[in-house]
Structures are given as C-alpha cells and as structure tokens.
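Engineer: Predicted structure and sequence below. I'll ask about it afterward.
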Amino acid sequence: MNIPEGKKIYFASDNHLGAPTQDASRPREKRFVAWLDEVKHDAAAIFLLGDLFDFWMEYKKVVPKGFTRTLGKLAEISDSGIPIYYFVGNHDLWMNGYFEEELNIPVYHKPKEFTFNNKSFFIGHGDGLGPGDKGYKRMKKVFTNPICKWLFQRLLHPDFGMRIGHYMSVKNKLISGDEDAKFLGEDNEWLVQYCKRKLESKHRDFFVFGHRHLPLNIDLNEQSKYINLGDWISYYTYGVFDGQNMEIKEY
C-alpha cells in the first residue's frame, strides 16, 4: 500500500470494553469512539490489534450484547471506504465471521506482514509469541480447539456461556496476560526476543503488537523497531505511521 500524501495509518489495541462491567467501561468506549471519529479524517487505514472487547464469542446466530457505539463507528468508517484490519487477541479468539460479514473488516488470527511506502511491517496481537508463557500457550490450544469450542457453544446457553467467559476474562490473569504490566527489560520481554529471532531470517522495519498493555518503542537494531501500542485502560495510547516514521501518541 502506498499512503497518499497527507494520510496516515493508525494502530490501536487492548481496549477491553466491558471490563470490569459495561457501565464502567462506557467512558473508555466513548473516548475511543471520539478517537475514531477524529482519525477518520486523515486515515489511509486503521489497524485494531485485538482485545477490543474483554470477552467476545460468536455463536451461529448470537453475538455479545452492547458496544453499539464502537460497532456503529467502525461500520461508518468502513462504509466510507477506509480499510480497517482486525487481529484477534487472547480475549476475542472466538470471532467467526461477524466482523467480515457485517462490517466488511477482515479478521486475522495470526500475525501478518504488510508493506507501506516501502516500509515493512509485521503486525499481530502478540499473545503466545516468543519463549515462555507456557501456561497460556497450553490454555490457548484448548480455547482454539474446534471440538472444545463446539462443546462449549452446544452445551451452554449463550447467556450462561457469555457469563462464564466474561467472568474468566476479568478474573483469570493467565487469560488476561497483564499480570506483569511493567517493563521487564529487553532480555525478559518475550515479544522483544520473538522479534529479534524473526530478524535473523528476514528484515522488517517495524514489529507492531499489543497485548503487553505498555507503550513501548524499542530499537531492535539500527533499522528495525519493536512497537507496543499500550492500551485504552491506563495509557490511552495509539500508533501512527506517516509514511516514514512510526510514533506512539496519547489521546
């Protein structure tokens, strides 16, 4: 993608709408919608890197109640011709067609490469990547197993299933992945180690992830950077690429 002059690409992650309750998260939702309304004027594209919701599971005919302001604004922006890309996080692993069919937003379940103005990007949510985090990696295999998912949806009424899922998302730190929401040093940051290992086989200019709930901008070498977008709970930070440089800003 070549970015038109005066346009930018925007990135955001980890809103966790609905946590700890929908009423409590509504001011954060309104702030995020105001940001979307602002950036749409010069956005060439918008990337949402997961955990927009604190829990999201799609049944065949049922999606979670609420989040009307966010979904409506995403629909408006998508309908205007601005592409939006969504990467699932560890709280919304169970997306299954609704965003694609209703909002015309492609959904990715794994990191993906993009090129903007000859700058290479490797983009994803970030959960389960790199060394360590073995407990979550085992749990993720269960969560994404088609049989386990089918049993959960078939045996539990959506009202009950959503209640269990939301409770676990709020209470279970293994699912949340934010029990260490402080910088651990490059040698102990799994995503930093993951990015450095990826660079051994291929150059990328920018690695952009969420998940850590920390705004980070780290030089991996003289040409490559690791960007973590932070969150919309404590930091209200986002990434913006102007065609040449990538920055983290606060809204």
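Structural biologist: Here it is on my side, so go on.

Engineer: which residues sit in contact with Cys195?
Structural biologist: Cys195 makes contact with Phe122, Phe207, Leu220, Ser224, Tyr226, according to Cβ atoms under 8 Å, 6 or more residues apart in numbering. No exception for glycine: its C-beta is placed from N, CA and C like everyone else's.

Engineer: so how far is Lys225 from the first one?
Structural biologist: According to Cβ to Cβ, to the nearest Å, Phe122 stands 11 Å off from Lys225.

Engineer: Of all pairs in the contacts of Cys195, which one is the farthest apart?
Structural biologist: Using Cβ to Cβ, those reach their maximum pairwise distance at Phe122 and Leu220, which is 11.0 Å.

Engineer: of these two, who's got more company?
Structural biologist: Phe122 (21 against 17; other Cβ atoms under 10 Å).

Engineer: The more buried one contacts Arg204, doesn't it?
Structural biologist: Yes: the pair Phe122 / Arg204 is scored as a contact, 4.6 Å apart, by Cβ atoms under 8 Å.

Engineer: Could you pull out the residues contacting both of those two?
Structural biologist: Taking Cβ under 8 Å, 6+ apart as the contact rule, Phe122 and Arg204 both touch Glu113, Lys198.

Engineer: so what pLDDT did Cys148 get?
Structural biologist: Looking at Cys148, its pLDDT stands at 69.

Engineer: Val142 too?
Structural biologist: pLDDT for Val142: 64.

Engineer: Give me the helix or strand of this protein that scores worst on average pLDDT.
Structural biologist: Lowest on mean pLDDT, DSSP states H and E among the helices and strands of the chain sits helix 173-176, with a mean of 44.

Engineer: mind listing what's buried in the very next helix or strand once past that helix?
Structural biologist: On the C-terminal side of helix 173-176, the nearest following helix or strand under DSSP states H and E is helix 190-199. Buried residues in helix 190-199, counting neighbours by 16 or more other Cβ atoms under 10 Å, are found at Trp190, Leu191, Val192, Gln193, Tyr194, Cys195, Lys196, Lys198, Leu199.

Engineer: For the contacts of Cys195, give me CSV that also has secondary structure.
Structural biologist: Below are the contacts of Cys195 laid out as CSV (DSSP: H, G, I helix; E, B strand; the rest coil):
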residue, secondary structure
Phe122, strand
Phe207, strand
Leu220, coil
Ser224, coil
Tyr226, strand
